[in-house]
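> when you get a sec, could you give me coordinates for this:
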Amino acid sequence: MKFLNELRLAISTVQIKDVIDILVISYFIYKLIMLVKETRAEQLIKGFIGVLIIAGISSALNLYTLNWVISNIFTVGMILIIVVFQPELRRAFEKLGRSNKLLSFTKIKGEQSTFKTEEITSAIASLSRQKIGALIVIENTVGLSDIAETGTFINGSVSSELLINIFIPNTPLHDGAVIIKDDKIVAAGCFLPLTNDTTLSKELGTRHRAAIGMSEKSDAFIIVVSEETGIISVVQDGIISRYMDSESLKDTLYNLFIKMDDSIFTRRGSANENVEE
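Got it, this is the predicted structure:
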């Protein structure tokens, strides 16, 4: 009971500024741990914590000689830390200075958009030259997990080599569609719903009709390469644009990815505002 009374008394004296103080210190300790994790400085931090524990014990037990030794170790140790771990400390402060989350998010997303655009465009251009049929579905805000389940899960990074290999004739996955979400090829060999539009040109084969059907049921962006002619087409919102060249496709894809990234950032910001409210 005495312990509980003391605990209640201690809690009752805690003020908002004390909580803020603890949270700030906790944050800085966490960031320090993250900065030195898996570096030589990590072992130093562990040793420093060990010395602090020993110092606390020696102080509690009034071990004056040990306290004197530890205090001198700290005095000399701080200088040794700066000298020995100067490269790690410099990298840590540089990393801390680059840790603006908004700028980092924008930069990373911009780099991903450029990379995905280059890889997909390169694959489509190669498949078009070789007249190899292809069907690529890029997920937007409407989830396509049910479509992905009809194929084979891959969960591989977007790359031109992987996309080309998937659509090589007579391979297990070449007949279906590839689903891309963010920077991942989620699945391949997927089945898409065909459109019921009877006014479409007879020139459009099954791949094109599947692409239009998928775009009618989602906001996905779909790329089609004709197996007969090598013509590149893009489909979105039920509308097909044919005879795309590599440069036009690259510009279209880059603008698409930038808009998608902006949309994701906006939704995250709105979600955070709702939580705060």
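> CA atoms for contacts and neighbours, from now on please.
Will do.
> for D175, what is the enclosing helix or strand?
Counting by DSSP states H and E, no helix or strand carries D175.
> leaving out chain neighbours, which residue sits closest to it?
G189 (6.2 Å; Cα to Cα, 6 or more residues apart in numbering).
> after the helix or strand the one you found falls within, heading C-terminal, what element do we hit next?
G189 belongs to strand 184-190 when assigned by DSSP H and E. Going down the chain from strand 184-190, the next helix or strand is helix 206-217, by DSSP H and E.
> who does the helix or strand following that following helix touch, helix- and strand-wise?
Moving toward the C-terminus from helix 206-217, the next helix or strand (DSSP H and E) is strand 221-225. The elements that strand 221-225 packs onto, with contact taken as 3 or more Cα pairs under 8 Å, 6 or more residues apart in numbering; DSSP states H and E, are helix 101-129, strand 134-138, helix 206-217, strand 232-236.
> who does strand 221-225 pair up with?
Here strand 221-225 is paired, per DSSP bridges, with strand 134-138 (antiparallel), strand 232-236 (antiparallel).
> pLDDT averaged over it - what is it?
Mean pLDDT, strand 221-225: 97.
> list the buried residues of the strand holding G189.
Neighbour counts over strand 184-190 (16 or more other Cα atoms under 10 Å) mark 184-190 as buried.
> using JSON lines, lay out these together with distance to T152 and pLDDT.
Output for the buried residues of strand 184-190, formatted as JSON lines (distance: Cα to Cα, whole Å; pLDDT from 0 to 100):
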{"residue": "K184", "distance to T152": "14", "pLDDT": "93"}
{"residue": "I185", "distance to T152": "11", "pLDDT": "95"}
{"residue": "V186", "distance to T152": "9", "pLDDT": "96"}
{"residue": "A187", "distance to T152": "5", "pLDDT": "96"}
{"residue": "A188", "distance to T152": "5", "pLDDT": "96"}
{"residue": "G189", "distance to T152": "6", "pLDDT": "95"}
{"residue": "C190", "distance to T152": "7", "pLDDT": "96"}
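> got those residues as JSON lines, with distance to T117 columns?
Output for the buried residues of strand 184-190, formatted as JSON lines (distance: Cα to Cα, whole Å):
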{"residue": "K184", "distance to T117": "13"}
{"residue": "I185", "distance to T117": "13"}
{"residue": "V186", "distance to T117": "17"}
{"residue": "A187", "distance to T117": "19"}
{"residue": "A188", "distance to T117": "19"}
{"residue": "G189", "distance to T117": "22"}
{"residue": "C190", "distance to T117": "22"}
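> domains of the chain?
14-97, 109-276 (automatic domain parsing).
> what is the burial count for M214?
26 (other Cα atoms under 10 Å).
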